[in-house]
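>>> Any chance you can model this:
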Amino acid sequence: MSPTTSAWRHRIAAGVAGAAVLVSTACSAAQQGAVGKSTAAGPVRDGGTLVVGQSSDADPGSFLKTSIGNILSEYAVFETLTLIDPRTGQPHGVLASSWTLAKDAKSMDLKLRDDVTFHSGRKLTADDVIFTIQKAQDPKTGAANQSIAGQISHLEKKGDDELTLTFKQPLPNIFDLFETMPILNKDTYGDYAAGRNVDGTGRFVWKSWTPGGKIMLGKYANYRDAKNTHLDAIEIDIIKDPTAMTAAVRSGRVQYGAGMAALDSRSLSGQAGYALVTSGGSAIPLAFDVTKPPFNNKTVRQAIQYAIDRNRIVQQVEGGQATATNLPWKPTTVGYDAAQAKQYTYQPDKAKQLLAQAGVKNTSFDMVTLNTPEATGIFQIVKNNLTAIGLNPRPVALAAADYDARIAKKDMGAPAFLMQASNGLSPASAVLNRPELLPKGNLSHLQDPEYGRLVDAVTKATAGTDQQKALKDYDAYYIDQAFAVPLIIRPTLTVRSAAVNGITPTQMGFLDVSRAWLSK
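Model prediction:
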């Protein structure tokens, strides 16, 4: 591949170089923690069973959906073509040993490792990758990044370990698809949903699943780098109640808990014998239905954004483990502008002036929020801030199932709503996948050709300078229109006992425990 100034091409080139580091059989466990921030500490020790807890049950037929119930098993049982380093944004090869982008950026040649086998013993081939991409393209699958997969117009096998992907247009977000697309066994995929024959290529074999109870994983002895798989087994207990999860971690019955309340996670991690693990990240926007008065007036939406004390949310609700911001992206994003992120600072007097300018006062309205300690805590601060400028938001706290159903129907049922959205996706993927950012059918019912044009520019920009300009232009419009502006961004928090080492979060917030070990 010839040198170029394109940030995307640099990203691809860096990934090819990084692949050699990640896939080398000589890698130590500590080196393999390069993707994500490893919690490794102390000497590596082999053997033992890691007992972890998660709050949602497994969904073995939905590995392409990034289902939260697969948060701990997905990257232990399966592998992806590449993974993105959350610190640098660069892709590293896992099942892909190299990739080459065509000069017109409309196709990519992929070369697979030639030493990969499924747990059933069959060798991984390009046919499995083609099968997986076709499943991700099928709307019936409901894959996490179907919109990206749908931009792949042709798949051609060039050999058992080689294939070419042809794109409808340049795809700067192709690595977001790879990140969330564990490669399936084309011969046994039909058996996955039952949870009996879940056949992947990862370090651990899916042994058994008791719905609502536990998942048992065992070390894959024939893994290409089995010497760096340190645990004998992983037991994943389903503990749906956050209080019970905290109690299980405190008692030592569970050595790592994913699903504790954020405040409990911070509190417990501050005690001797425990440590906090941060992964992924979420943006929490305050959004409005722009078709409903008074929020059809941009000035009112802006006034409310100036009225909110984001720093108080960071400290009182998130315990300092968050960042006040107006942008839904991570600061490492190409084109991120720190000045834009600070547009709406806490200025209650300015908020009052803008409301007076809009002729709005003593207005009451419903605000939808999840019925969780974090969400209701944020709502209470927002309510106090808005009451101070003469507004009265009334809480409509919903259980997760009801909340998700409203998002799916694109009808929040209230003119204002607090929501949580993962910010692991690149902007080019997020604007086509996150329901509050969609150019058409977004949760705010914003319909503006100019917004559609800006989204289109973000999704098509490939060169570094073009990406920077496209995102800055998009963000300027997004902040000015104030239809779904974040209050904060924050990582996902989980807690491990001090004996657990080597947990590696992924860019999208999943948790790779496949290279973990237990110290004495």
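>>> For residue 508, give me its contacts.
Contact partners of residue 508, counting by Cβ atoms under 8 Å, 6 or more residues apart in numbering, are 66, 179, 180, 280, 422, 424, 425. Placement of C-beta: from N, CA and C, glycine included.
>>> Okay, and which of those map to helices?
The helices, defined by DSSP state H, take in residue 179 from the contacts of residue 508.
>>> Can you tell me which of the contacts of residue 508 is closest to residue 487?
residue 422 (15.7 Å; Cβ to Cβ).
>>> Distance of the closest one relative to residue 176?
11 Å (Cβ to Cβ, to the nearest Å).
>>> With neighbour numbers in mind, choose between those two.
Remark: of residue 422 and residue 176, residue 176 carries more neighbours, 25 against 18, as counted by other Cβ atoms under 10 Å.
>>> Got the confidence number for that one?
We note a pLDDT of 89 for residue 176 in this prediction.
>>> cool, and the one 10 residues further on?
Model confidence at residue 186, expressed as pLDDT, equals 97.
>>> Now a PyMOL select for only the buried ones of the contacts of residue 508.
Selection of buried members from the contacts of residue 508 for PyMOL, criterion 16 or more other Cβ atoms under 10 Å:
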select buried, resi 66+179+180+280+422+424+425
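>>> secondary structure element for the closest residue to residue 392 other than its chain neighbours?
The spatially closest residue to residue 392, leaving aside those adjacent along the chain, is residue 364, at 4.2 Å (Cβ to Cβ, 6 or more residues apart in numbering). Assigned by DSSP states H and E, residue 364 belongs to strand 363-370.
>>> List the buried residues in that strand.
365, 367, 368, 369, 370.
>>> So what sits opposite the first one in the bridge?
On the basis of DSSP bridges, residue 365 is bridged to residue 393.
>>> quick one: it and residue 392 touch, right?
Yes: judged on Cβ atoms under 8 Å, residue 365 makes contact with residue 392 at a distance of 7.5 Å.
>>> Tell me how far the residue of the chain most remote from its centre lies from residue 393.
Most distant residue from the mean C-alpha position of the chain: residue 359, 40.3 Å away (Cα atoms, centre = their mean). Distance, residue 359 to residue 393, by Cβ to Cβ: 19 Å.
>>> What of residue 386?
For residue 386 relative to residue 393 (Cβ to Cβ), the value is 5 Å.
>>> go on, residue 101?
Distance from residue 101 to residue 393, by Cβ to Cβ: 48 Å.
>>> picking that back up, common neighbours of residue 365 and residue 392, please.
Here residue 365 and residue 392 have no joint contacts, going by Cβ under 8 Å, 6+ apart.
>>> can you pull the contacts of the nearest residue to residue 353 once chain neighbours are set aside?
Leaving aside its chain neighbours, residue 353 sits nearest to residue 303 (8.0 Å; criterion: Cβ to Cβ, 6+ apart). Residues in contact with residue 303 (Cβ under 8 Å, 6+ apart) are 350, 351, 352, 353, 354, 355, 358, 360, 389.
>>> Quickly name whichever of those is closest to residue 224.
For those, the nearest to residue 224 is residue 351 (58.7 Å; Cβ to Cβ).
>>> Based on its surroundings, how many neighbours for the residue nearest to residue 366 when sequence neighbours are not counted?
Excluding the flanking residues, the one nearest residue 366 by Cβ to Cβ, 6+ apart is residue 414, at 3.9 Å. Counted with other Cβ under 10 Å, the neighbours of residue 414 add up to 20.
>>> ok, residue 414 touching residue 393?
No: look at residue 414 against residue 393 with Cβ under 8 Å: they stay out of range, at 9.4 Å.
>>> where do the contact lists of these two overlap?
Counting by Cβ under 8 Å, 6+ apart, the residues touching both residue 414 and residue 393 are 365, 366, 367.
>>> pretty sure the last one is in contact with residue 417, am I right?
It refers to residue 367. Yes: Residue 367 lies in contact with residue 417 (Cβ under 8 Å); the separation is 6.3 Å.
>>> Need the residues touching each of these two.
Contacts common to residue 367 and residue 417, judged by Cβ under 8 Å, 6+ apart, are absent.
>>> what are the ranges of the helices in the stretch 151-300 of the chain?
Secondary structure of the stretch 151-300 of the chain by DSSP state H, counting those that start in this stretch: the helices cover 174-179, 242-251, 262-269, 298-307.
>>> So which of those helices is the most surrounded?
helix 174-179 (a mean of 26; mean count of other Cβ atoms under 10 Å).
>>> Using CSV, list the CA coordinates for that one.
Extracted in CSV, the C-alpha atoms of helix 174-179 (Å, rounded to 0.1, in the frame of the first residue of the first chain):
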residue,chain,number,x,y,z
ILE,A,174,-15.3,-0.7,8.4
PHE,A,175,-13.3,-1.5,11.6
ASP,A,176,-16.4,-0.7,13.7
LEU,A,177,-18.1,-3.6,11.8
PHE,A,178,-15.1,-5.9,12.3
GLU,A,179,-15.1,-5.0,16.0
